[in-house]
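# Structure, please.
(one chain, ligands or ions: 2)
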Amino acid sequence: MSLLNSGLLIGLLAQQAAAWGDLGHETIGYVAQQFLAPKALAFVQSSLGSTYSESLGPAAPWADSVKYETAYEWSQPLHFVDANDNPPTSCSVEQTRDCGDDECILTAIANYTTRVVDTSLSASQRQEALKFIDHFLGDIGQPLHVENYEVGGNDIDAKCSGSSTNLHAAWDTGMLTKNVDANHGSSATTYASYLVGEIQSGSYQSLASSWLSCTSITEPVNNKRHTPSIESDIRNLLTVRAKDTTITPLECPLVWARDANAYDCTVVFPFSKDEDACTGTYYTNAIPVIDLQLAKQGYRLAAWLNVIFDGATNLP
Ligand SMILES: *[C@@H]1O[C@H](CO)[C@@H](O)[C@H](O)[C@H]1NC(C)=O
Ligand SMILES: [Zn+2]
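Ligands and ions are numbered 1, 2, ... in the order given. Next up is the predicted model:
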């Protein structure tokens, strides 16, 4: 193997051990792109430009592509939150317990939401903020990005269709790629169109509005009397807290993290070491969860940007 090839291979392996692979992130971006309101769409198109075909799909993997570069190493902890729960017995995400140093995906979403509309920043800084939002709203729906156990499953040996891998990588790429190859023409756009169809008039149609509510998907965030919503999160962040320099996390992303983390107890960690995740019952149980999480996070990403730029989710 040439040096060039081995470097490429190491890059690919590192990538696989890291996040919904490019396929998952692009799919989430393409789903979101279909639901953008007019001002959000205009910003996305002008900010991303021809480099990213004016679309959240091609821009979504960027944050993974830079995180091993020296200049972006600081961003690595922002791709996940290390829930110190006890799966599969009990699952939970707690802000203070799990994001204690304020450097996790929850604070990152708040940070880049503030920055994407900050007109004192340069166009490239705002584009970077958009690309981080595009990416982190994807990662927060991956059950193993909201889990500390066995380094988010990285330390659990697994197989995927006979090849050696680990449980985290099987969730990021192995099972997803197998499903998209078999059922969606090996294409992120074809797969995204299928998920959009399910949201508009298929099996997700009756569920989609509940994805945007930030109450009681798993457990109540707090006992406050107000109803958490994407609108209140963003209003609070961009107005009430605007003068505050500390980054306070938001309520909806915490609910979304808990929503994804709950699958660690039900579907992800009921797993025997060295089991083949890409065949049999494990695979058939996981695929509906992967489809659902990608569709959900794409829809939530659109709603998030719509509230930021158009003032309302603009979605049914
Ligand atoms: C907020 O964004 C800036 C600019 O990218 C970055 O330097 C900082 O680490 C970010 N903080 C968090 C918690 O995301
Ligand atoms: Zn990531």
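
# Residue of the stretch 151-300 of the chain closest to ligand 2, please.
Nearest to ligand 2 in the stretch 151-300 of the chain, going by C-beta to the ion, is residue 172, at a distance of 8.8 Å. Every C-beta, even on glycine, is put in place using the N, C-alpha and C of the backbone.

# Can you verify my assumption that that residue contacts residue 22?
No: applying C-beta atoms under 8 Å, one finds residue 172 not in contact with residue 22, separated by 9.9 Å.

# More neighbours: these two, which one.
residue 172 (31 against 18; other C-beta atoms under 10 Å).

# Give me the most central residue, the chain.
Nearest to the mean C-alpha position of the chain, counting by C-alpha atoms, centre = their mean, stands residue 138 at 1.7 Å.

# wait, doesn't that one sit right on residue 23?
No: with contact defined as C-beta under 8 Å, residue 138 and residue 23 do not form a contacting pair (11.0 Å).

# List phi and psi for residue 166.
Here is the backbone geometry of residue 166 (degrees, to the nearest 10): phi -130, psi 170.

# Check it and give its pLDDT.
At residue 166, the model reports a pLDDT of 95.

# ditto for residue 124
Reported pLDDT for residue 124: 98.

# In the helix ranked longest in the chain, which residues are buried?
The longest helix of the chain (DSSP state H) is helix 280-310. Buried residues in helix 280-310, counted by 16 or more other C-beta atoms under 10 Å: 282-283, 286-287, 289-310.

# Wondering if it reaches ligand 2 at all.
No: using C-beta under 5 Å from the ion, helix 280-310 never reaches ligand 2; the gap is at least 12.0 Å.

# what separates that helix from the chain centre, distance-wise?
Relative to the chain's own centre, helix 280-310 is displaced by 8 Å; criterion: C-alpha atoms, centre = their mean, to the nearest Å.

# With stretch 115-127 instead?
The chain centroid and the centroid of stretch 115-127 are separated by 22 Å under C-alpha atoms, centre = their mean.

# What segments of the stretch 1-150 of the chain are helices?
3-16, 22-33, 38-48, 56-59, 62-66, 95-98, 105-116, 123-139 (DSSP state H, counting those that start in this stretch).

# among these, which is nearest ligand 1?
Among the helices of the stretch 1-150 of the chain, the nearest to ligand 1 by C-beta to the nearest ligand atom is helix 105-116 (3.7 Å).

# Just the mean pLDDT for that closest one, thanks.
Taken as a whole, helix 105-116 has a mean pLDDT of 95.

# what residues does it touch?
78-81, 95, 99, 121, 125-126, 129-130, 132-133, 136-137, 139-140, 145-146, 234, 237-238, 242, 247-250, 253-254, 257, 304, 308 (C-beta atoms under 8 Å, 6 or more residues apart in numbering).

# These, buried ones only, as a ChimeraX selection?
Applied in ChimeraX, the following selects the buried portion of those according to 16+ other C-beta under 10 Å:
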select :78,79,80,81,95,99,126,129,130,132,133,136,137,139,140,145,146,234,237,247,249,250,253,254,257,304,308
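
# Contact partners for the nearest residue to residue 52 once chain neighbours are set aside?
Computed as C-beta to C-beta, 6 or more residues apart in numbering, the closest residue to residue 52 that is not its neighbour in sequence is residue 59, at 4.1 Å. Taking C-beta under 8 Å, 6+ apart, we find residue 59 in contact with 29, 48, 52, 130, 131, 134.

# For these, give me TSV that also has pLDDT and distance to residue 208.
TSV is the format used below for these (pLDDT from 0 to 100; distance: C-beta to C-beta, whole Å):
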residue	pLDDT	distance to residue 208
29	98	18
48	98	25
52	98	26
130	98	23
131	98	25
134	98	20
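
# Most widely separated two among these?
Largest separation among the contacts of residue 59 by C-beta to C-beta: 29 and 130, giving 10.7 Å.

# dump the residue contacts of residue 132.
Per C-beta under 8 Å, 6+ apart, neighbours of residue 132: 63, 75, 78, 108, 112.

# Of those residues, which ones also sit close to ligand 1?
78, 108 (C-beta under 6 Å from any ligand atom).

# Please produce JSON lines containing the contacts of residue 132, extended by distance to ligand 2.
Compiled in JSON lines, the contacts of residue 132 are given as follows (distance: C-beta to the ion, whole Å):
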{"residue": "63", "distance to ligand 2": "6"}
{"residue": "75", "distance to ligand 2": "9"}
{"residue": "78", "distance to ligand 2": "8"}
{"residue": "108", "distance to ligand 2": "10"}
{"residue": "112", "distance to ligand 2": "13"}
